[in-house]
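Engineer: Fold the following.
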Amino acid sequence: MAGQAVSLYSLTDQIRRASRSVAANIVEGWAKRKYENVLKKHLIGSIGSCDETKLWLYFAFDCKYMKTDDYNNLMNKYQEIGKILKGLFENWTTYKK
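Structural biologist: Next up is the predicted model:
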């Protein structure tokens with residue numbers, strides 16, 4: 001049981017850190033949007049953190065730490081966030097104003 005608690009803590013910590021990184025990369029990149037390559041680098045980082053969050057959520061679900069409904073709800077939200085981020089990466093100049 002102690003091993004499971006450590007694994008649950010580790011997964012929770014990874015999910016928390018990866019999900020926060022999504023927002024942090026967006027904010028940092030947007031603050032530097034004057035430099036297109038810097039903004040895009042941060043958007044790529046945000047997309048990567050979004051995908052990382054989905055991976056940790058999958059591991060948590062696979063280890064039976066999450067209910068199916070909770071897992072599906074969060075995965076759907078992160079799928080949508082990923083689409084939005086990819087759209088922003090492709091069309092960021094539309095939002096530049």
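
Engineer: drop to CA atoms for contacts and neighbour counts, all remaining ones
Structural biologist: Fine.

Engineer: What is the neighbour count of I47?
Structural biologist: By the criterion of other CA atoms under 10 Å, I47 has 23 neighbours.

Engineer: actually K64, sorry about that
Structural biologist: Neighbour tally, K64, other CA under 10 Å: 11.

Engineer: mind checking the SS state of it?
Structural biologist: Classification of K64 by DSSP: H, G, I helix; E, B strand; the rest coil places it in coil.

Engineer: next one: E52
Structural biologist: Applying three-state DSSP: E52 is helix.

Engineer: SS state for the spatially closest residue to it that is not a sequence neighbour?
Structural biologist: Using CA to CA, 6 or more residues apart in numbering and skipping the chain neighbours, the partner closest in space to E52 is A18 (6.3 Å). When classified by three-state DSSP, A18 comes out as helix.

Engineer: What helix or strand is L8 located in?
Structural biologist: Element membership for L8, per DSSP states H and E: helix 2-31.

Engineer: and that helix, what other elements does it pack with?
Structural biologist: helix 36-62 (3 or more CA pairs under 8 Å, 6 or more residues apart in numbering; DSSP states H and E).

Engineer: Next secondary structure element downstream of the helix it packs on?
Structural biologist: In N-to-C order, the element after helix 36-62 by DSSP H and E is helix 68-91.

Engineer: how about low-confidence regions in the chain?
Structural biologist: Where the chain drops to pLDDT under 70, the residues are 1-6, 94-97.

Engineer: Find the residue at the geometric middle of it.
Structural biologist: Closest residue to the average C-alpha location of the chain: C50 at 2.2 Å, with CA atoms, centre = their mean.

Engineer: wait, isn't that residue in contact with S19?
Structural biologist: Yes: counting by CA atoms under 8 Å, S19 is a contact partner of C50 at 6.5 Å.
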